[in-house]
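Colleague: Got a sequence here, can you model it:
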Amino acid sequence: MTPRSFLVHGLVAGLIAGFAAFAVAVVFAEPQIDTAIALEEAGSAEPEHSHDDAAAHADEGHSHGEGAEVSRSTQSTWGLATGTLLLGTVLGGATALGAAFALGRLGSLSARASTALIAGIGFVATGLVPFLKYPSTPPAVGSGDTIGERTALYFGFWAISLVAAIAAVVLARRLLPRLGAYGSVVVGAAAYLLVVTVAGVALPTVNEIGDFPADTLWYFRRESIVTVAVLWAVLGVVLAGLVGRDADRIAATQRRREAAAAL
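Modeller: Numbering: from 1, shown residues only. This next block holds a predicted model:
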C-alpha cells in the first residue's frame with residue numbers, strides 16, 4: 001500500500017462524493033438559494049425609477065437571471081457540478097494522503113479504521129467547526145463591502161481548526177504509550193477544543209443578517225451543512241472501503257505465502 005495507491009483511491013472517492021454532494025445540493029440547497037435570490041431582487045426593487053436611474057441600476061447591480069454574465073441556470077447546474085466535483089476530488093486526494101501518513105501510526109487501528117478516522121477528523125476540522133463560527137449565508141445577506149473581510153475570517157479560522165486538529169492527532173499519538181488509547185484521545189480532543197474555542201472567541205463575529213427571514217436563513221444553513229456532511233460521509237465510506245479492500249488483499253496474499261513457506 002503506497003501513497004500513490006492511496007491518492008488514486010482518494011481521487012476516485014472524492015469524485016463519487018462530489019456527485020453525491022451535487023445531488024443533495026440540487027434537491028435541497030438550490031431551492032433555498034432561489035428563495036434568497038427572489039428576496040434579494042424584491043428588496044432591491046424601487047417603486048419608481050427614471051430611465052437614467054434604471055440604466056445605472058442595471059449597470060451597477062448584479063443579475064442572477066438568464067441575462068447575467070453567468071446565468072442562474074448555469075450556476076445551479078454545470079457551475080454547481082463543477083464546484084462540487086472539484087472540491088470532492090481535492091478533499092479526496094488530501095484525505096487519502098493524510099490517511100497514508102497515518103497508517104500504522106494510530107495504535108492498533110486497521111487501515112480501514114484509520115482511514116475512516118482521518119475522514120471524520122477532516123469533516124470536523126474543516127467542515128463542522130468553521131461552520132459553527134462562520135455559517136454560510138445566502139444571497140441578500142451581508143454587505144458586498146465586507147465580503148473580502150468575511151472570507152478572510154472564515155479561511156483564517158478554517159486554517160486554525162485544521163492545524164489544531166493535526167496537532168491534536170500528533171499529541172494523542174505521542175501520549176498513546178503513556179496514557180493508552182482512551183486517555184490519549186481525550187487529551188488530544190480536549191486540546192483541540194481548547195484551541196478552537198479560544199480562537200473562536202478571539203475572532204470577530206459577523207452579524208449582517210438584517211431583517212432577512214429567519215426561516216429561510218435556517219433552511220439555507222441547514223441544507224449547506226447537510227451537503228458538506230454528505231460529501232465527507234461518502235468520501236470517508238468509499239475511501240475506507242477501497243483502502244480496506246487493498247489491505248485485505250495484501251493480508252490474504254501474505255497468509256498464502258506463509259502457508260506455502262510452512263509446507
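Colleague: got any ranges where the stretch 101-250 of the chain has weak pLDDT?
Modeller: 140, 142-144 (pLDDT under 70).
Colleague: sec struct for Thr205, please.
Modeller: Applying DSSP: H, G, I helix; E, B strand; the rest coil to Thr205 yields a three-state assignment of coil.
Colleague: That one: neighbouring residues, count only.
Modeller: 9 (other CB atoms under 10 Å). The way it works is simple: take the backbone N, C-alpha and C, and place the C-beta from them, glycine included.
Colleague: so Leu217 is in which element?
Modeller: Using DSSP states H and E, Leu217 maps to helix 214-262.
Colleague: What of Leu85?
Modeller: helix 80-102.
Colleague: Distance from the helix or strand following that helix to the middle of the chain?
Modeller: Where DSSP H and E defines the elements, the next helix or strand beyond helix 80-102 is helix 111-123. With CA atoms, centre = their mean, to the nearest Å as the basis, helix 111-123 stands 14 Å off its chain's centre.
Colleague: how far does the helix holding Leu217 sit from the chain's center?
Modeller: 15 Å.
Colleague: for that helix, packing partners?
Modeller: Here helix 214-262 touches helix 3-24, helix 30-44, helix 80-102, helix 111-123, helix 129-133, going by 3 or more CB pairs under 8 Å, 6 or more residues apart in numbering; DSSP states H and E.
Colleague: Report the inter-axis angle for that helix versus helix 80-102.
Modeller: If you take axes from the mean of the first three to the mean of the last three CA atoms, to 10 degrees, helix 214-262 sits at 40 degrees to helix 80-102.
Colleague: Skipping its backbone neighbours, what lies nearest Arg178 in space?
Modeller: Leaving aside its sequence neighbours, Arg178 sits nearest to Ser184 (CB to CB, 6 or more residues apart in numbering; 7.9 Å).
Colleague: Please tell me I have it right and that neighbour contacts Leu176.
Modeller: Yes: when contacts are counted by CB atoms under 8 Å, Ser184 is listed as touching Leu176 (4.6 Å).
Colleague: one step back: buried ones in the helix holding Leu85?
Modeller: Buried residues in helix 80-102, defined by neighbour count with 16 or more other CB atoms under 10 Å: 80-81, 84-85, 87-89, 91-96, 98-100, 102.
Colleague: Only C-alpha atoms, please: export it in PDB.
Modeller: Output of helix 80-102 as PDB, limited to C-alpha atoms (Å, rounded to 0.1, in the frame of the first residue of the first chain):
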ATOM      1  CA  LEU A  80     -22.600  23.700  -9.100                       C
ATOM      2  CA  ALA A  81     -21.500  20.300 -10.500                       C
ATOM      3  CA  THR A  82     -18.000  21.600 -11.400                       C
ATOM      4  CA  GLY A  83     -17.600  23.100  -7.900                       C
ATOM      5  CA  THR A  84     -18.700  20.000  -6.000                       C
ATOM      6  CA  LEU A  85     -16.700  17.600  -8.200                       C
ATOM      7  CA  LEU A  86     -13.600  19.700  -7.900                       C
ATOM      8  CA  LEU A  87     -14.000  20.200  -4.200                       C
ATOM      9  CA  GLY A  88     -14.700  16.500  -3.700                       C
ATOM     10  CA  THR A  89     -11.600  15.500  -5.700                       C
ATOM     11  CA  VAL A  90      -9.300  17.900  -3.900                       C
ATOM     12  CA  LEU A  91     -10.600  16.800  -0.500                       C
ATOM     13  CA  GLY A  92     -10.400  13.100  -1.500                       C
ATOM     14  CA  GLY A  93      -6.700  13.500  -2.600                       C
ATOM     15  CA  ALA A  94      -5.800  15.400   0.600                       C
ATOM     16  CA  THR A  95      -7.600  13.000   2.900                       C
ATOM     17  CA  ALA A  96      -6.000  10.000   1.200                       C
ATOM     18  CA  LEU A  97      -2.500  11.300   1.600                       C
ATOM     19  CA  GLY A  98      -3.300  12.100   5.300                       C
ATOM     20  CA  ALA A  99      -4.600   8.500   5.700                       C
ATOM     21  CA  ALA A 100      -1.500   7.100   4.000                       C
ATOM     22  CA  PHE A 101       0.700   9.000   6.500                       C
ATOM     23  CA  ALA A 102      -1.500   7.900   9.500                       C
END
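Colleague: That concludes my questions; thank you for your assistance.
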